[in-house]
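# Generate coordinates for the sequence data below:
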Amino acid sequence: MIREFEIALSPKEASNPLLYLPLIAQKAHVPDTKINHTAILKRSIDARKGNILIKLKVQVFTHDDHYDVSAEEAQKSRYQDVHLKKPVAIIGAGPAGLFAALTLIENGLKPVIFERGKDVKERKHDLAALNREHKVNPDSNYCFGEGGAGTYSDGKLYTRSNKRGNVKNILQKLVENGANTDILIDAHPHIGTDKLPNIIASIRQTILDAGGEIHFNTCIEDFELEGNKIKTLIDRSGTKMDVEEVILAIGHSSREMYRLLQKKNILLEAKSFAVGVRAEHPQLLIDQIQYHAPQRNPFLPAASYSLVTQVENRGVFSFCMCPGGMMIPSATADEQLVINGMSNSQRNSPFANSGIVVSVEPEDLAEYQKFGPLAGLYFQEDLEKAMYIAGGSSQVAPAQRITDFAKGKISADLPKTSYIPGVKSAPLHEILPPFIGRRLQQAFRDFGEKMKGYYTSNGVILGVESRTSSPVRIPRVDEMMNHPQILNLYPCGEGAGYAGGIVSSAMDGVNAALVIVNKG
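Residues are numbered from 1 along each chain as shown. As a prediction, this is how the structure comes out:
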């Protein structure tokens, strides 16, 4: 009989199979000599009390049980040769676009991807120029390029979107392309910015080897319609490409595409999003708060947190928390200042950062209603420009100590931060719109009550965290996933307003591809 149960271990016990396998055998009430295979299904940290525990959900196979190793092999992806198969156009090589491509190949169709940015290797040069020289390449940056925004901004894989698709399938494909198998069992899986580029490059090679196409430095700037379908895509050089089906996987910062769709009177919708700041603390402080000890146990990872409160009928919450991470400049055009966060796989930076953001509803933007469904987009742009000016018209970020911000006073000095372009003391409490600023001020006090020590002058905030999600939704027909007006256009991922993060975007891309496959 196969036994499945949960066991709680100390961090040290959970770190080494030689230590935990005898304990698992004891829990299963069988001698460890009779166990022929143990599978860890899930791993999580219980840090609610001072005695930190690692919880493992395990399956135990004894000599009487048959463990079929070939079953694991059968689960691996199988890709067809699609060189001569029907092509499907994909705009964008982020998670939605790449996983849509893999799904098309598995089902005998040929993906043809158009990506405005560069491949992962070439992107690094533009990121270095952005950090060191404050030069923004509008096509190659932290948001645009092979792998999308997640490639160089952390690689967190946690999602609550289990009903949207097969999370395990997405994680398994990442493992097949080089990710650590830990992502299959961790409650909050993470790859890391140092590891993800090689995984993305491997996925690219898988697509190319099967006969798919990927065209980098190819920005789609227009298209021609024939009736209620897209007939031709047109890139920046004026080159035209005939298409039958188009998967639109553009990412949440593709403002030119939103403007193009609006110009062509194609239906768009305003949606809620969130705007705020990046908050950074010493990682040691977060470890002390979360692990209830002066020093972190060496067998524990850098501690994270998740915070939420309600202020004046709006949610204020932590977003994209990066333990052991750093803050990065995420502008996609000149005269913008946008802050995001990332972590390497080891999460060994001395800093912890997170977006602290306020929910923004379309009705909050009365003065932007003249822009119709793009109201939130123009609001974001104005705020990013204001931050750019406040930082000195560069990628230097306006910053403030958390307690000074909450009290409404400029910081006389600033703590050391991880943000490479540099920081400048500025009155963020005045630069932020009042409906955002005052909610954030109260939220930091609230969070200080929930996490004793979080509300501190040793914490610093940088502005602005404005790209949490798209402020625009590209509508689609339920189940069929095509746009209600343009029948062969399939919006998906974060840019369509239907996903948030690597895994949910990848699942959305898979679903869009399957709809096309099932059309025959």
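# residue ranges of the helices in the stretch 101-250 of the chain, please?
Taking DSSP state H, counting those that start in this stretch, the helices of the stretch 101-250 of the chain run over residues 120-133, 167-176, 196-209.
# Same list as before, these that is, but in CSV and with distance to Thr33 included.
Just so you know, the C-beta spots here come from the backbone N, C-alpha and C atoms, and that holds for glycine as well. Shown next, in CSV, are the helices of the stretch 101-250 of the chain (distance: least, CB to CB, whole Å):
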stretch, distance to Thr33
helix 120-133, 47
helix 167-176, 30
helix 196-209, 38
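# Indicate which one of those helices is closest to Asp81.
Asp81 sits nearest to helix 196-209 of all these, at 9.0 Å, using CB to CB.
# for the closest one, what is the average pLDDT?
Averaging pLDDT along helix 196-209 yields 97.
# ok, now stretch 437-456?
Average pLDDT, stretch 437-456: 98.
# In stretch 473-481, which residues are buried?
By 16 or more other CB atoms under 10 Å, the buried positions in stretch 473-481 come out as Arg473, Ile474, Pro475, Arg476, Met481.
# Return the member of those nearest to Ile24.
Distance to Ile24 across the buried residues of stretch 473-481 (CB to CB) is lowest for Met481, with 43.5 Å.
# ok, the closest one - contacts?
Met481 makes contact with Tyr490, Pro491, Cys492, Asn511, Ala512, Val515 under the criterion CB atoms under 8 Å, 6 or more residues apart in numbering.
# and the last one, how many neighbours does it have?
The tally of other residues near Val515 (other CB atoms under 10 Å) stands at 19.
# what do you get for the fifth one?
If you count neighbours by other CB under 10 Å, Ala512 ends up with 32.
# Relative to Lys57, how far out is it?
32 Å (CB to CB, to the nearest Å).
# In CSV, list the buried residues of stretch 473-481 along with distance to Leu127 and pLDDT.
Output for the buried residues of stretch 473-481, formatted as CSV (distance: CB to CB, whole Å; pLDDT from 0 to 100):
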residue, distance to Leu127, pLDDT
Arg473, 29, 98
Ile474, 28, 98
Pro475, 34, 97
Arg476, 33, 96
Met481, 33, 96
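# Considering these, which is situated nearest to Ser457?
Ranked by distance to Ser457 (CB to CB), these are led by Arg473 at 40.1 Å.
# quick one: which of the helices of the stretch 101-250 of the chain is nearest Ser466?
helix 120-133 (16.6 Å).
# Return the set of buried residues in the closest one.
For helix 120-133, the buried set under the neighbour-count rule, 16+ other CB under 10 Å, comprises Val120, Arg123, Asp126, Leu127, Leu130, Asn131.
# those helices in the stretch 401-520 of the chain, which residues are they?
For the stretch 401-520 of the chain, the helices defined by DSSP H, counting those that start in this stretch cover 402-407, 428-431, 434-450, 502-519.
# For the first one, output the C-alpha coordinates as CSV.
Listed next in CSV are the C-alpha coordinates belonging to helix 402-407 (Å, rounded to 0.1, in the frame of the first residue of the first chain):
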residue,chain,number,x,y,z
ILE,A,402,9.3,54.9,5.6
THR,A,403,8.7,56.7,8.9
ASP,A,404,9.4,60.1,7.3
PHE,A,405,6.9,59.3,4.4
ALA,A,406,4.2,58.3,6.9
LYS,A,407,4.8,61.6,8.8
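# Would you point out the helix or strand in the protein whose mean pLDDT is lowest?
Lowest by mean pLDDT, DSSP states H and E among the helices and strands of the chain is helix 69-74, with a mean of 58.
# Could you identify the helix or strand that succeeds that helix?
strand 87-91 (DSSP states H and E).
# Quickly run through the sheet partners of that next one, with directions.
If you go by DSSP bridges, strand 87-91 pairs up with strand 110-114 (parallel), strand 246-248 (parallel).
# centre of the chain versus it, how much separation?
23 Å (CA atoms, centre = their mean, to the nearest Å).
# could you say which helix or strand contains Gln310?
strand 308-311.
# Let's see that strand as PDB, backbone CA atoms only.
Written as PDB, here are the backbone C-alpha positions of strand 308-311 (Å, rounded to 0.1, in the frame of the first residue of the first chain):
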ATOM      1  CA  VAL A 308      -2.500  43.400   3.200                       C
ATOM      2  CA  THR A 309      -4.800  46.000   4.700                       C
ATOM      3  CA  GLN A 310      -7.900  48.100   3.900                       C
ATOM      4  CA  VAL A 311      -7.600  51.900   3.900                       C
END
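# quick revisit: now render the strands paired with strand 87-91 as TSV, adding distance to Ile185.
Below are these laid out as TSV (distance: least, CB to CB, whole Å):
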stretch	distance to Ile185
strand 110-114	30
strand 246-248	31
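# Switch these over to CSV, and while doing so, append mean pLDDT to every line.
As requested, those are exported to CSV (pLDDT from 0 to 100):
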stretch, mean pLDDT
strand 110-114, 98
strand 246-248, 98
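# most neighbours per residue, which of those strands?
Stretch with highest mean neighbour count among the strands paired with strand 87-91: strand 246-248 (a mean of 27; mean count of other CB atoms under 10 Å).
# could you give the angle of the following helix or strand past that one to strand 87-91?
Sequence order places helix 255-263 as the next helix or strand after strand 246-248, per DSSP H and E. If you take axes from the mean of the first three to the mean of the last three CA atoms, to 10 degrees, helix 255-263 sits at 110 degrees to strand 87-91.
# What is the neighbour count of Pro95?
Residues near Pro95, counting by other CB under 10 Å, number 34.
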